[in-house]
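Student: Sequence plus predicted model, see below.
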2 protein chains.
Amino acid sequence: MLTPYHTAIESFRRGTDTPRDYLERTLERLEELEPRLKAFASLAIPRARIAADMATQRWKAGTPLSPIDGMPIGIKDVIETFDLPTAMGSPTYDGWRSGRDAASVFALRDAGAVILGKTKTTEYAGSYPTDTRNPHDYDRTSGGSSAGSAAAVGAGIVPAALGTQVMGSIIRPSSFCGAFGYKPTVGGINRGGSHDFQSHSCIGVIGASLQDIWATAHAIVERVGGDPGAMGLVGTRDLGAAAQPARLALFETPGWNTATAQAREGLLDQVERLRKQGVQIISRRDDPQMEALESALADIRELGSDIFGFESRWPANSAMYRDRLGLSPLIHASMERANKLGLEGYRACLEKRAQLRRQFEDIAGGVDAFITLSAPGAAPRGIQWTGDPIFNVSASVLGAPAVSLPLLQDDGMPLGLQLLGAQHTDQRLFRTALWIQGQNR
Amino acid sequence: MLTPYHTAIESFRRGTDTPRDYLERTLERLEELEPRLKAFASLAIPRARIAADMATQRWKAGTPLSPIDGMPIGIKDVIETFDLPTAMGSPTYDGWRSGRDAASVFALRDAGAVILGKTKTTEYAGSYPTDTRNPHDYDRTSGGSSAGSAAAVGAGIVPAALGTQVMGSIIRPSSFCGAFGYKPTVGGINRGGSHDFQSHSCIGVIGASLQDIWATAHAIVERVGGDPGAMGLVGTRDLGAAAQPARLALFETPGWNTATAQAREGLLDQVERLRKQGVQIISRRDDPQMEALESALADIRELGSDIFGFESRWPANSAMYRDRLGLSPLIHASMERANKLGLEGYRACLEKRAQLRRQFEDIAGGVDAFITLSAPGAAPRGIQWTGDPIFNVSASVLGAPAVSLPLLQDDGMPLGLQLLGAQHTDQRLFRTALWIQGQNR
């Protein structure tokens, strides 16, 4: 299986392994699994080998560019790379090439990372599926929309891949594929050259470890910052040690009643273990503020869909103008819904969102994290449906950082435990997550 | 000379003129002037004739799609159209085609407007000049960065053209070319598919009349809204009547001492006339709040440059990675400055900007508009320098709406009178502007 990159670099330092050898193991695994997995939309293997050779030289000389120098990485196919198409999971972008690197990809190259290829996405990072399979069961979906990124990491092909999330597109597929997943505070990672235009959409990272994810996100933001006008990911390059939380909020979200019994029990077991470790747990059952928040979030999926849909009209409208059959029925329906909502309805949604964010932040300031499931259960069977984002849309709409840890199981498949935090407390969230992960060893 | 489109449509209604005839007059003027003016980067004449014919049918049938149905319009060459390259005024984008319409361009087509072509821009909408000439004196610059849009409107070729402004790129060239110019409240017009990524950059309109500009901006926002997450331009389709302001703030900006004597006298004459009409005038000389604001804005150009530069690193960094000689020395220098500023310095700039916005809005709430110059004087001679944005950067950084009215003169050339307002009061600003324009008839 895959060596997380943060442990591999110890071997590079000792001289017992090299980035080129690491890449060759990646390529072997790719060759073995990809024909059935279908995680990649396009590959850049010759260029990747050159980049890995250059990284090998730097590690040998003791002058790596960053902790991810030489790390093979997959790029979700809505994010531009200068050498490969950005096909958006849609015939309307088939073979589309911008000839430039997205800000995040530029930063990754600048940090020495090895761009292995583009990972498959659902259509326009929405719900219409691609053909990627789940590495833990090829008869199931890997989730969406960052389908290929989660599958490639979950299969142990690459230690990290970029994704994007506006509803549940990072945390959910990470959960389904047994990978770690991270959706930062809104604005955290520069989206220049990424085709996820929506106002609460984020670029994030799916990875083999929390350390790999943090190193990747930080290496990007050090170099290109967050979205224009946003602070960008706040934190130090060194993630720091695991930190025991004092207080966690058990967060049901509107998804709780849709979750399988095994999923709920798994989470409640974790919570009970944490409580026994001395962590104080609050929930809607004993905390009126939590009860008010959970009630206020009852329709969060509809709110998220309304904002997502309205803000996604472009560029779909421009494509539809010339190529109606290039867009799935899902996009046609979403466009119709958005047109019905209208500009005034959209403005009301933005106000509602701002109000919910204030309500969430009021509680978030008093806890180390919110703890919940990453999905209602195992990845659905078949590849027609990428699964329910009901546990993910809260963090998306609230602009809150979220991480998924592959600590639970359902129906013989991996399932994620999700942590959410206050905006701009991403690093603290990671350190809390490290501690919870440690309790599961 | 050019008939403003809002008066031309009266003739369409009466049947004495048609959009196709209007376009043919546009094309005649284009043929006559363009060889020396160099306003256009590319043209779409066959498609424009078809669009004008279709608009002609609609006006004849009494079913126009909008008040700008059939209106020839130029699109700044940083904004994507599906049929033409988006060349960004840079060899690094030479012949670059996205194959899609920007959100604003999609909306214009949907409203029946006739996309005549792409108008020339300075490199990456920055300061490195293009070869466009000033229609009032071919030996002078038309300004920048919306160089071709201002020249094409000022020359009477088109009644409107899209521009973008992050420092002074709409209001300044409008001033130099004798056109009306409009930079909306930040977020006002959807920037999807426009390559002006900076956090206070705006798409705006340069036009032959305030009415044409309003009709254009409103037709876009009705259809595609503002930037994702922003309210978008607030107002009704019908601009409404001229409205006499009760109170105006004479706004010197840090530019006052750089302005020519004729420019300053011209503005002060206007202010004196308004005072005589019963408009109350406040200024830094008699109002402590205004004095505090003017002092606080002393370094606004540096603040604007820092934010602009930092947020402009991408996609220049991605281009520089592969084509150093494709970027001007100005971009190399700006990148160096931005790297020196760093993420922490940039965050401090954002805080400073937020604070200045609060200070500005406090005063803006109590006046109908701020009144100032649109530039320190006439367009500079030669085409190597696009002129000083010192009178424009305040509105840009503050996110405030601004209009330029071609009511003043300097050195035998046109000069704009600029009005600024509180965020989201764009329509009121237009109605104030209409009234001031009326006083000059």
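Tutor: Structure's in. What do you need?
Student: Wasn't A:Arg36 part of a helix?
Tutor: Yes. If the criterion is DSSP: H, G, I helix; E, B strand; the rest coil, then A:Arg36 is within a helix.
Student: Settle this for me: it is touching A:Asp137, isn't it.
Tutor: No. Using C-beta atoms under 8 Å, A:Arg36 makes no contact with A:Asp137, being 11.2 Å away. Any C-beta I mention is one placed from the backbone N, CA and C, and that applies to glycine too.
Student: Domain map for chain A?
Tutor: Listed domain ranges for chain A are A:5-224, A:247-438 (source: automatic domain parsing).
Student: What segments of chain A are helices?
Tutor: A:5-14, A:19-37, A:45-61, A:103-110, A:147-154, A:171-177, A:210-224, A:261-276, A:288-296, A:300-311, A:313-320, A:329-364, A:393-398, A:426-438 (DSSP state H).
Student: Give the buried residues for the longest one.
Tutor: It stands for helix A:329-364. The neighbour-count check on helix A:329-364 (16 or more other C-beta atoms under 10 Å in any protein chain shown) flags A:331, A:334-335, A:338, A:341, A:343, A:346-347, A:349-350, A:352-353, A:356-357, A:359-360, A:363-364 as buried.
Student: so which of those also contact chain B?
Tutor: On the criterion C-beta under 8 Å from any C-beta of the partner chain, A:343, A:346-347, A:350 are the entries of the buried residues of helix A:329-364 that sit beside chain B.
Student: tell me the contacts of the most centrally placed residue in chain A?
Tutor: In chain A, the centroid-proximal residue (C-alpha atoms, centre = their mean) is A:Ile170; its distance is 2.8 Å. For A:Ile170, the contact set (C-beta atoms under 8 Å, 6 or more residues apart in numbering or on different chains) comprises A:146, A:150, A:163-164, A:181-183, A:202, A:204-206, A:392, A:404.
Student: Quick one: which of those residues is the most crowded by neighbours?
Tutor: Within the contacts of A:Ile170, A:Ser146 tops the neighbour count with 41 neighbours, counted by other C-beta atoms under 10 Å in any protein chain shown.
Student: what are the bridge partners for the residue nearest to that residue when sequence neighbours are not counted, then?
Tutor: Distances taken as C-beta to C-beta, 6 or more residues apart in numbering or on different chains place A:Gly163 nearest to A:Ser146, at 3.1 Å, with adjacent residues excluded. A:Gly163 has these beta-bridge partners by DSSP bridges: A:Gly204.
Student: Check A:Gly163 and give its pLDDT.
Tutor: Listed pLDDT for A:Gly163 reads 98.
Student: try A:Met1
Tutor: 54.
Student: before we move on, what about A:Arg441?
Tutor: A:Arg441 is assigned 85 on the pLDDT scale.
Student: Over to A:Ala103?
Tutor: On the pLDDT scale, A:Ala103 gets 98.
Student: neighbour-wise, which of A:Arg36 and A:Asp137 wins?
Tutor: Taking neighbours as other C-beta under 10 Å, A:Arg36 and A:Asp137 compare with A:Asp137 leading, 17 against 11.
Student: hang on, isn't that one packed against A:Asp410?
Tutor: No. Contact status for A:Asp137 versus A:Asp410: not in contact, 11.9 Å apart, counting by C-beta under 8 Å.
Student: Give me every residue in the stretch 1-150 of chain A lying close to chain B.
Tutor: Within the stretch 1-150 of chain A, the positions near chain B by C-beta under 8 Å from any C-beta are A:82, A:96, A:98-103, A:105-106, A:109-110.
Student: one more time with 7 Å
Tutor: Contact residues, the stretch 1-150 of chain A versus chain B (C-beta under 7 Å from any C-beta of the partner chain): A:82, A:96, A:99-101, A:103, A:106.
Student: who's in contact with A:Val105?
Tutor: The contact partners of A:Val105, by C-beta atoms under 7 Å, 6 or more residues apart in numbering or on different chains, come to A:75, A:79-81, A:115.
Student: Determine which two of these are furthest apart.
Tutor: Farthest-apart pair in the contacts of A:Val105 is A:Glu80 and A:Ile115; separation 11.3 Å (C-beta to C-beta).
Student: which of those two has more neighbours?
Tutor: Between A:Glu80 and A:Ile115, A:Glu80 has the larger neighbour count (other C-beta under 10 Å), namely 27 against 23.
Student: Make sure that one is actually in contact with A:Ala102.
Tutor: Yes. At 4.5 Å, A:Glu80 counts as touching A:Ala102 under the criterion of C-beta atoms under 7 Å.
Student: thinking again about what came up before, just the contacts of A:Val105: which are in strands?
Tutor: Among the contacts of A:Val105, the residues falling in strands (DSSP state E) are A:75, A:115.
Student: Looking at the contacts of A:Val105, spot the one nearest chain B.
Tutor: A:Glu80 (8.5 Å; C-beta to the nearest C-beta).
Student: Run a quick neighbour tally on the nearest residue to A:Tyr22 once chain neighbours are set aside.
Tutor: Distances taken as C-beta to C-beta, 6+ apart put A:Ala8 closest to A:Tyr22, at 5.6 Å, once the chain neighbours are dropped. Number of residues near A:Ala8 (other C-beta under 10 Å) recorded here: 22.
Student: Relative to B:Thr56, how far out is A:Ala8?
Tutor: 68 Å (C-beta to C-beta, to the nearest Å).
Student: Next: A:Leu398.
Tutor: Counting by C-beta to C-beta, the gap from A:Leu398 to B:Thr56 is 51 Å.
Student: what stretches of chain A score poorly on pLDDT?
Tutor: A:1 (pLDDT under 70).
Student: neighbours around A:Glu32, how many?
Tutor: The number of residues near A:Glu32, taken as other C-beta under 10 Å, comes to 12.
Student: next one: A:Phe251
Tutor: By the criterion of other C-beta under 10 Å, A:Phe251 has 29 neighbours.
Student: Likewise for the one 4 residues further on?
Tutor: Look at A:Gly255: counted by other C-beta under 10 Å, it has 23 neighbours.
Student: wait, it sits on A:Gly387?
Tutor: No. Between A:Gly255 and A:Gly387 there is no contact, the gap being 11.3 Å when judged by C-beta under 7 Å.
Student: Residue of the stretch 1-150 of chain A nearest chain B, please.
Tutor: For the stretch 1-150 of chain A, C-beta to the nearest C-beta, closest residue to chain B: A:Ala103, 3.9 Å.
Student: separation between that residue and B:Arg97?
Tutor: 21 Å.
Student: A:Ile390 too?
Tutor: Applying C-beta to C-beta to A:Ile390 and B:Arg97 gives a distance of 40 Å.
Student: Look at these two and report which has more neighbours.
Tutor: Using other C-beta under 10 Å as the criterion, A:Ile390 and B:Arg97 rank with A:Ile390 on top: 23 against 16.
Student: quick one, what contacts the closest residue to that one other than its chain neighbours?
Tutor: Distance criterion C-beta to C-beta, 6+ apart; nearest residue to A:Ile390, sequence neighbours excluded, is A:Gly255 at 3.7 Å. Neighbour list for A:Gly255: A:373, A:376, A:390-391 [criterion: C-beta under 7 Å, 6+ apart].
Student: quick one, what contacts the residue in the stretch 51-200 of chain A that chain B sits nearest to?
Tutor: When scored by C-beta to the nearest C-beta, the stretch 51-200 of chain A has A:Ser199 as its residue closest to chain B, at 2.8 Å. Neighbouring residues of A:Ser199 by C-beta under 7 Å, 6+ apart: A:307, A:311, B:228-229.
Student: Equivalent analysis for A:Asp139, please.
Tutor: Going by C-beta under 7 Å, 6+ apart, A:Asp139 touches A:Arg381.
Student: one more time with 10 Å, if that's ok
Tutor: Residues near A:Asp139 by C-beta atoms under 10 Å, 6 or more residues apart in numbering or on different chains: A:133, A:379, A:381-383.
Student: Now list the buried members of the residues you listed.
Tutor: Among those, those buried by neighbour count (16+ other C-beta under 10 Å) are A:133, A:379, A:383.
Student: Got phi/psi on the second one?
Tutor: Meaning A:Ala379. phi -60, psi 130 (degrees, to the nearest 10).
Student: before we move on, the earlier item: pull up the overlap in contacts between A:Glu80 and A:Ile115.
Tutor: A:101, A:105.
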